[in-house]
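Engineer: how does the following fold in three dimensions:
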Amino acid sequence: MIDKIKRRHFFWWLLLFLLVLPTFIGLFKSGYFPMHDDISAMRLLEMDKCVKDGQIPCRWVPDMGFGYGYPQFNYYAPLPYYIMEVFHLGGLGYLDSVKAGFILSFVLSGVGMYLLGRTLWGRSGGFISALFYAYLPYRAVDVFVRGAVGELYAYAFLPFIFWACKKTLEGDKYARLVLALSTAALLTSHNIISMIILPFLAGWIIFILISQKLHLLPDLKKRILDLTAGFVWGFGLAAFFILPAFFERNLVHIETLTGGYFNYFAHFVSVGQLLFSTYWGYGVSEAGPWDEASFTIGLFHWLIPLLAVVIAYVLKIRRKIPLLLFWIVCGFTAAFMAHSRSAFIWKGLPLATFIQFPWRFLLLSGFFFSIAAGAIALFFPKGVRKIPYLLSLSIVLILFYAPIFTPSKWTKITDSEKFSGDSWRRQQTMSLFDYLPIDVKKGPLDAAPENPLLVTGQGKVINWQKGTNWQKGKVRIDTKARIELPIYFFPGWGVTVNGTAQKLTYENELALIMVDLEPGEYDLEARLKNTPVRLVGNIITLLGLFAIPIYLKRK
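Structural biologist: Numbering: from 1, shown residues only. From the prediction side, this is the model:
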């Protein structure tokens, strides 16, 4: 009996893998492809330098900001790049590691959606939900048009969170750990998606409590405490990133992330685009309905759930209708948030400006409709007779959507070419003003010098070394001098001279660190240390990690 069950599971996993393979098989070939956010490989390079330099967690990247460095991963969700770093340490190049990270996001999201769909609609339903989730048009936009790594991993972890909420409330003893890990993973993959999913997640929890009559259970309080503990634990695991990103947000320029092109009023999507468009392009989002990229839910993705509701009413199968309607309502609500009619809601949201693009809600809309699509399997025949129905639906979906899962073009480029010459300069200056320290008044016009410069006085830099969050060397000062280090000032940076802390200044347009020295020969070192907020975040995360083996041992 056990072997039979294992064979059934293997069959569904294998079939699902084969059918979703067209969505990412093109990523296996050598080379790379253009995308809007063509900086993922550069971020991975910086993460790799941090890891090998012992700067864990990575906060300050040395080559961005035109070589002056800035606190990229103090604010930009880092988990996808830690995952890609594992591939790189395993022997893959930077570009191949990015592609491997893309592929892993597909695999994880398929596994998570199958588990979630299976608990709601059975194995066949889980299979259909996972298939629809894989072929979301907006996912193709995220990979082959935008290169939105964080959103791809949000796809991957959302199903696990919703699955773990249900299982935790049902008393599953391991689901709390899954909830903690998936919550932490989402928080450190995409903080915006983490924020906008909250109302829907709360609705899901309430729906479970009411629909399954869990509010009548004598141990309901314990189950709710378990659920709360899972979320708190997940937040603790992510505290190393979440606490500094929130409490130190005033230390960097963030106005470039919300103004101009990134003003959300310019990026609403029309009803025609959302529901009926079959347009596909590799351009950008424009004001009005003339976007050069596709922002559609997917015709089949919302029609199949509605068809399932109609069939359920016709056949008078009412038991699953409330659950199906819950996901459909969530799907259309998320789609409504991408339409200009929702502007009155956006105006009342305190952090709406940081969402930037209302069409980000397509990720959530597609997620909910993919779950709902699995309900159609409830009306298939039992046993092997349902196979033709599953395959027919799968073939239609693949023929309709597989062609968009391809880049606009493919280039034969190597890591060394990506990180040299004009390409290297572009990588250093791309997103130059994102997360620049607040005291920097303007961006640099030229690359940072390799060595410190003497602003006043006479002297010489004898030798100089650079790490990711430190620089040091020996200097000889002949007359009283002010020496300028090629580092933006940011709270946490400190300078020592012969091991003694030195007063520093940064009174210039670039807010570069400067120190005054009397004549003599000195060992000079600059190093970024933790602020209290970063230190507390690190400690909470470590405690959360130590709790994992303790929890498993107890269970």
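Engineer: show me where this protein has its strands.
Structural biologist: Counting by DSSP state E, one finds strands in the chain at the ranges 453-456, 459-466, 470-477, 481-488, 493-497, 500-502, 512-517, 520-528.
Engineer: list the buried residues of the last one.
Structural biologist: The one in question is strand 520-528. By neighbour count on 16 or more other C-beta atoms under 10 Å, the buried set for strand 520-528 is 522, 524-526, 528. Just so you know, the C-beta spots here come from the backbone N, C-alpha and C atoms, and that holds for glycine as well.
Engineer: tabulate those residues (CSV), appending pLDDT.
Structural biologist: Compiled in CSV, these are given as follows (pLDDT from 0 to 100):
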residue, pLDDT
522, 91
524, 94
525, 95
526, 96
528, 96
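Engineer: what is the nearest of the residues you listed to residue 23?
Structural biologist: Within the set of these, residue 528 lies nearest residue 23; the separation is 40.5 Å, counting by C-beta to C-beta.
Engineer: wait, the closest one touches residue 495, no?
Structural biologist: No: look at residue 528 against residue 495 with C-beta atoms under 8 Å: they stay out of range, at 10.9 Å.
Engineer: for the top helix by length along the chain, packing partners?
Structural biologist: Among all segments of the chain classified by DSSP state H, the helix with the greatest residue count is helix 94-121. Helix 94-121 makes packing contacts with helix 2-20, helix 40-53, helix 79-89, helix 123-134, helix 149-169, helix 361-373, helix 415-418 when contacts are defined by 3 or more C-beta pairs under 8 Å, 6 or more residues apart in numbering; DSSP states H and E.
Engineer: now the shortest one: mean pLDDT?
Structural biologist: Averaging pLDDT along helix 415-418 gives 92.
Engineer: ok, now stretch 129-142?
Structural biologist: Taken as a whole, stretch 129-142 carries a mean pLDDT of 96.
Engineer: what's the span of that stretch, first residue to last?
Structural biologist: In terms of C-alpha to C-alpha, to the nearest Å, the two terminal residues of stretch 129-142 are separated by 19 Å.
Engineer: look up how far residue 297 lies from residue 377.
Structural biologist: Between residue 377 and residue 297 the distance is 20 Å, computed by C-beta to C-beta, to the nearest Å.
Engineer: ok, the residue nearest the centre of the chain to residue 191 distance?
Structural biologist: Of all residues in the chain, the one closest to the mean position by C-alpha atoms, centre = their mean is residue 150, 2.1 Å from it. When distance is defined by C-beta to C-beta, residue 150 is 8 Å away from residue 191.
Engineer: who touches both of these two?
Structural biologist: With contacts defined as C-beta atoms under 8 Å, 6 or more residues apart in numbering, the residues adjacent to both residue 150 and residue 191 are residue 77.
Engineer: now do the nearest residue to residue 138 once chain neighbours are set aside, the pLDDT please.
Structural biologist: Spatial nearest neighbour of residue 138, excluding adjacent residues (C-beta to C-beta, 6 or more residues apart in numbering): residue 362 at 4.2 Å. In this model, residue 362 is scored at 95, pLDDT.
Engineer: Provide a list of residues in contact with residue 362.
Structural biologist: Listed by C-beta under 8 Å, 6+ apart, the contact partners of residue 362 are 138, 269, 274, 295-297, 334-335, 338.
Engineer: try residue 284
Structural biologist: 36, 291-293.
Engineer: out of those residues, which is nearest to residue 166?
Structural biologist: Nearest member of those to residue 166, counting by C-beta to C-beta, is residue 293, at 34.2 Å.
Engineer: ok, that closest one - how many residues close by?
Structural biologist: Counted with other C-beta atoms under 10 Å, the burial measure for residue 293 works out to 18 neighbours.
Engineer: now do the one 10 residues further on
Structural biologist: With neighbours defined by other C-beta under 10 Å, the count for residue 303 comes to 14.
Engineer: mind checking how far it is from residue 434?
Structural biologist: Plainly put, residue 303 is 39 Å away from residue 434 if you go by C-beta to C-beta.
Engineer: same question for residue 444.
Structural biologist: Taking C-beta to C-beta as the criterion, residue 444 is separated from residue 434 by 14 Å.
Engineer: isn't residue 34 up against residue 411?
Structural biologist: Yes: with contacts defined as C-beta under 8 Å, residue 34 counts as touching residue 411 at a distance of 7.3 Å.
Engineer: the two - which one has more neighbours?
Structural biologist: Neighbours were counted for residue 34 and for residue 411 using other C-beta under 10 Å; residue 34 has more, 14 against 11.
Engineer: contacting residues around the more buried one?
Structural biologist: Counting by C-beta under 8 Å, 6+ apart, residue 34 makes contact with 407-409, 411.
Engineer: farthest-separated two in those?
Structural biologist: The widest separation within those, taken as C-beta to C-beta, falls between 408 and 411 and amounts to 10.4 Å.
Engineer: in the protein, what secondary structure element scores lowest on mean pLDDT?
Structural biologist: Of all the helices and strands that make up the chain, the one with the lowest confidence by mean pLDDT, DSSP states H and E is helix 2-20; it has a mean of 75.
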